[in-house]
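**Q** fold the following.
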Amino acid sequence: FSQSRSPVTSGARTKAALAYASGAFAGVLNGGTPITAASGSLPSGLNTARIGSHRDGTALNAAIARLRYYNTALTNAQLQALTA
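**A** From the prediction side, this is the model:
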C-alpha cells in the first residue's frame, strides 16, 4: 500500500490520514480521493510507531503539528474530512 500516487510538495503543508482493518486499508492526502487496498496484512507484535520516517531510512524534515490516533478504522469519508 503506497501513497505514491499523491506526491507532496516540498515546503507545503500536507494533511494525511490512514486507516486499516482486517483486509481493508485506506489513505488520503489533503482531502483527495482515497487510495484503498483490500489485500495485505499487518505483522503481529507491532509495538512501535515511527512517525515521520520511511522504511528506506529517510526522515521527515518538518514539524508535525498534530497527531491523532483512533482505536477504530475510520470511513473513507471521515479520512477525507480530516484532511480537507
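
**Q** from memory L60 sits against L67, does it?
**A** No. The pair L60 / L67 is not scored as a contact, 11.9 Å apart, by CB atoms under 8 Å. Quick note: C-beta positions are derived from backbone N, CA and C, even for glycine.

**Q** which of these two has more residues huddled nearby?
**A** More crowded of L60 and L67, by other CB atoms under 10 Å: L60, with 11 against 8.

**Q** how far away is the more buried one from G31?
**A** Here L60 is placed at a distance of 20 Å from G31 (CB to CB, to the nearest Å).

**Q** for the chain, which residue is closest to the average position?
**A** Closest to where the C-alpha atoms of the chain average out (CA atoms, centre = their mean) is L18, at 3.4 Å.

**Q** next, give phi and psi for it.
**A** phi -130, psi 150 (degrees, to the nearest 10).

**Q** where along this protein do the strands fall?
**A** Remark: strands assigned in the chain by DSSP state E are 16-21, 24-29, 35-37.

**Q** which strands or helices does the first one pack on?
**A** This points to strand 16-21. Packing partners of strand 16-21 (3 or more CB pairs under 8 Å, 6 or more residues apart in numbering; DSSP states H and E): strand 24-29, helix 76-83.

**Q** measure A84 to K15 for me?
**A** Separation of A84 from K15 (CB to CB): 8 Å.

**Q** common neighbours of those two, please.
**A** Residues touching both A84 and K15 by CB atoms under 8 Å, 6 or more residues apart in numbering: N30, G31.

**Q** higher neighbour count, these two?
**A** Between A84 and K15, counted using other CB under 10 Å, K15 has the larger neighbour count: 15 against 10.

**Q** was I right to think that one contacts G31?
**A** Yes. K15 lies in contact with G31 (CB under 8 Å); the separation is 7.3 Å.

**Q** now the common contact residues for these two.
**A** With CB under 8 Å, 6+ apart as the test, K15 and G31 both reach T83, A84.
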